[in-house]
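>>> here is a sequence together with a model predicted from it:
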Amino acid sequence: MDILIIGGTQFVGRHLAEAALAAGHQVTLFNRGKTGPGLYPQAETLVGDRDGNLDALKGRKWDVAFDPSGYLPRVVQQSAELLKDAVGRYVFISSISVYVDSDNADENAALNTMDDDPNSEDIPKYYGALKVACENVVTETFGDRGLNARPGFIIGPYDAVPRLPGLLWRYEQDGERVAGRPEQGVQVIHARDMADWLFKAVEQKLSGAYNMTGRPVKMNDLLDTVVSLTGKNTPVSYVGDELLKVRDIPPVDGVGYWVPTEAEGIMRANVDKVFAAGYTERPLRQSISETLEWLRREGFQSDNLKERIEGRVLSLEKEAEILEAFKQQS
Ligand SMILES: NC(=O)c1ccc[n+]([C@@H]2O[C@H](COP(=O)([O-])OP(=O)(O)OC[C@H]3O[C@@H](n4cnc5c(N)ncnc54)[C@H](OP(=O)(O)O)[C@@H]3O)[C@@H](O)[C@H]2O)c1
């Protein structure tokens, strides 16, 4: 197949590109040429800007376009309009954040809106509602040739978000670690598993919305796996919610996927539809091992990741304070 990826050089797009190249497809990447230039010499790269300069896409045809880099409906509208008759199918990477409440949400659950500020382009504030509006553009333009993938927390090599990388960075350090509740569920998807299933979905001409994440695993199973892979025999103290809440630790990123009990629904989206449609996930141990290997090889050195970790992830100093408070309390 001839494949177009709008983006393709950071994380999810890289896994789409690698899955496509491994399957022998012809791959075209369209991006500004800023992120990861020259990563895939086997692919053609077209340079432009999806917001206002799509000229390089004009007059071309592809079997399918994957869009992992859309956040604003105004911008997704531009590629959708241009590609309406130039691609067979259009796959948009949306998010599980489209739901008002993702606790056991299936694809028909209530979606976020931005009725209070309908023209806003404030992505951090309206991330989920803006993804809903992007999905609507895809559905209106492509009908049953469009697919909206709604991933949960994505993991795997190349991850630019300091969640699993932040957690692994902490577990690479010496000493004891703080965690929340051992029984908390954690629901993640490997970017390559997502990419592989999306190719199957295209071949089967699937359309509409699909929640895309894994079956939840327990926090203590996740952390036991991490400790066994780092080989550091790290002691882990499960301190519960309160000591983390009073210190305003950011949920999800702060202490490696910890969320307070009342917010655990974000780790419980309903994934029956995608599993019934043939989605399979690799073992969690393999996902973590691949990510750790990548981080040790190049990720931990990247300035970008270091900066992001420093801003979002529990520092070792603060962790020591929490451990001290926990010991005094118990
Ligand atoms: N991480 C998670 O846990 C998570 C969860 C749910 C959903 N998601 C979704 O998954 C997707 C992740 O995307 P990714 O960053 O990994 O995708 P990616 O395709 O690997 O990287 C982003 C690409 O977009 C290109 N790009 C950025 N601005 C552009 C512009 N104005 N015009 C043309 N190209 C542009 C970048 O290249 P240049 O800079 O060279 O232009 C880069 O190639 C997002 O849609 C996100 O909402 C993520």
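Okay, I see it.
>>> at the contact with the ligand, which residues of the stretch 101-250 of the chain appear?
151, 153-154, 161 (C-beta under 6 Å from any ligand atom). All C-beta atoms are positioned from the backbone trio N, CA, C, and that covers glycine.
>>> so which of the residues you listed comes closest to V132?
P151 (14.5 Å; C-beta to C-beta).
>>> next up, phi/psi of that closest one, please.
Note on P151: its backbone torsions stand at phi -70, psi 150 [degrees, to the nearest 10].
>>> how about the closest residue to it other than its chain neighbours, phi and psi?
Residue nearest to P151 in three dimensions, not counting chain neighbours: M212, with 4.5 Å by C-beta to C-beta, 6 or more residues apart in numbering. Note on M212: backbone dihedrals following degrees, to the nearest 10 are phi -130, psi 90.
>>> which one of the residues of the stretch 101-250 of the chain next to the ligand sits in the busiest neighbourhood?
When neighbours are counted by other C-beta atoms under 10 Å, I154 leads these with 23 neighbours.
>>> can you give me every residue that contacts that one?
11-12, 161, 188-191, 194 (C-beta atoms under 8 Å, 6 or more residues apart in numbering).
>>> coming back round to it: out of the residues of the stretch 101-250 of the chain next to the ligand, which sit inside helices?
Among these, no member falls in helices (DSSP state H).
>>> residues touching G254, list them.
G254 touches 244, 312-314, counting by C-beta under 8 Å, 6+ apart.
>>> SS state for V91?
strand (DSSP: H, G, I helix; E, B strand; the rest coil).
>>> ok, T45 touching T35?
No: using C-beta atoms under 8 Å, T45 makes no contact with T35, being 11.4 Å away.
>>> can you give the distance of the helix or strand containing V76 from its chain's centre?
Using DSSP states H and E, V76 falls within helix 73-83. Centroid separation for helix 73-83 versus its chain: 22 Å, with C-alpha atoms, centre = their mean, to the nearest Å.
>>> which of the contacts of G254 sit farthest apart?
L244 and R312 (14.0 Å).
>>> so between these two, which is more surrounded?
Legend: neighbour count by other C-beta under 10 Å for L244 and R312, higher for L244 (23 against 15).
>>> run a quick check on that one versus G180, I expect a contact.
Yes: L244 lies in contact with G180 (C-beta under 8 Å); the separation is 6.1 Å.
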